[in-house]
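Visitor: Need a 3D model of the sequence below.
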Amino acid sequence: MRFLTMNVFSPSNPDWSKRREVLRAGFAELSPDIVAVQEAAWLGDVDPVVELLGDEYHSLPHSQRSTDGVGAFLASRYPLELVAELDLRLTDRVELPWSGAVIAVADTPNEFGDLLIVHHKPTWEMGYSLEREQQAVACARGVEEILSTRPAHVVALGDFDDEPRSSSMRFWRGLQSLEGVSVEYRDVWETAHPGQDGFTFTTTNPLVQQGQFPLERGRRIDYILIRCGRYGPTLAVDTCRRAFDAPVDGVWASDHFGVVADLSPVSR
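Guide: Numbering: from 1, shown residues only. Okay, here's the model as predicted:
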């Protein structure tokens, strides 16, 4: 099953009409089964799911959006059941209205088993490590509560806005506890490409320095994560790569690169 996360750099940013066509073509070529999209925009009667992916996907948007209609959505080729939506505006400093987590079950093929999908969107600002820690803990706790009565594979994905070495990502990856809570999720990129930076927000892309981060040095902040049980991850990583990481006829799709991965059940 193919998973993809992509921040599409909202339509209020330059060259949306050209970038939209690159995104649409790229999504069609990648043909993901599960997609998490950030910075999508609901403008008038425009449904960004149909605009970017087509009408064959089921979708669950984050219920909150910015005043300009920008938000996030989870989409799937399989029917989705919303299990929970967590509001992650946990301190007064978190101003992003759609800072939250959508947690859903996908009605996947029988051989894949029950699948819980977590579209996690913390706050983005530099110096907000405390908030991202609290948001990670709240989301992980929410998932564990669901799993206590509904066992399933878990894949968390999205724009986490923190580097692998950060406290929030160390928590997700099982390298430290926070607030008396510990979990472990396998970092799909790290599994497929150990030791490689895999930056998804980098000056290789001119849209980064042209935007609000003129002194950016490069970071990996977009992730696909697999929850581990007692004996490790319950899904295998077949492939993982960046997506939309090169221009098409001179047009960059976004200021982020996406992450796409093929995952499969673990053979026993």
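
Visitor: got a list of contacts for the lowest-mean-pLDDT helix or strand in the chain?
Guide: Scoring the helices and strands of the chain by mean pLDDT, DSSP states H and E places helix 206-210 at the bottom, with a mean of 90. Here helix 206-210 makes contact (Cβ atoms under 8 Å, 6 or more residues apart in numbering) with Phe9, Asn13, Pro14, Phe201, Thr202, Thr203, Glu216, Trp252, Ser254, Asp255. C-beta here means a position set from N, CA and C on the backbone, and glycine is covered the same way.

Visitor: Could you list which of those belong to strands?
Guide: Among the contacts of helix 206-210, DSSP state E puts none in strands.

Visitor: is it possible to export those to JSON lines including pLDDT?
Guide: Shown next, in JSON lines, are the contacts of helix 206-210 (pLDDT from 0 to 100):
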{"residue": "Phe9", "pLDDT": "97"}
{"residue": "Asn13", "pLDDT": "94"}
{"residue": "Pro14", "pLDDT": "93"}
{"residue": "Phe201", "pLDDT": "97"}
{"residue": "Thr202", "pLDDT": "95"}
{"residue": "Thr203", "pLDDT": "92"}
{"residue": "Glu216", "pLDDT": "86"}
{"residue": "Trp252", "pLDDT": "98"}
{"residue": "Ser254", "pLDDT": "98"}
{"residue": "Asp255", "pLDDT": "97"}
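
Visitor: Can you add distance to Asp68 and neighbour count and give those residues back as a markdown table?
Guide: What follows is the contacts of helix 206-210, written out as a markdown table (distance: Cβ to Cβ, whole Å; neighbours: other Cβ atoms under 10 Å):
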| residue | distance to Asp68 | neighbour count |
| --- | --- | --- |
| Phe9 | 13 | 23 |
| Asn13 | 11 | 15 |
| Pro14 | 15 | 11 |
| Phe201 | 21 | 24 |
| Thr202 | 26 | 20 |
| Thr203 | 26 | 15 |
| Glu216 | 23 | 16 |
| Trp252 | 21 | 23 |
| Ser254 | 17 | 25 |
| Asp255 | 17 | 24 |
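
Visitor: Next, give me the two most distant ones among these.
Guide: Pro14 and Thr202 (18.2 Å; Cβ to Cβ).

Visitor: returning to that earlier point: go through the least confident helix or strand of the chain and flag the buried ones.
Guide: For helix 206-210, a neighbour-count test (16 or more other Cβ atoms under 10 Å) marks Leu207, Val208 as buried.

Visitor: Give me the helices and strands touching the very next helix or strand once past that helix, please.
Guide: Remark: after helix 206-210, the chain's next helix or strand is strand 222-229, criterion DSSP states H and E. Using 3 or more Cβ pairs under 8 Å, 6 or more residues apart in numbering; DSSP states H and E as the contact test, the elements touching strand 222-229 are strand 2-7, strand 153-159, helix 167-172, strand 185-187, helix 188-192, strand 235-243, strand 258-265.

Visitor: out of these, which comes closest to Asp114?
Guide: strand 153-159 (6.7 Å).

Visitor: Note down every partner strand of the closest one and its orientation.
Guide: Note on strand 153-159: by DSSP bridges, its sheet partners are strand 115-121 (parallel), strand 222-229 (antiparallel).

Visitor: Nice, that's everything, thank you.
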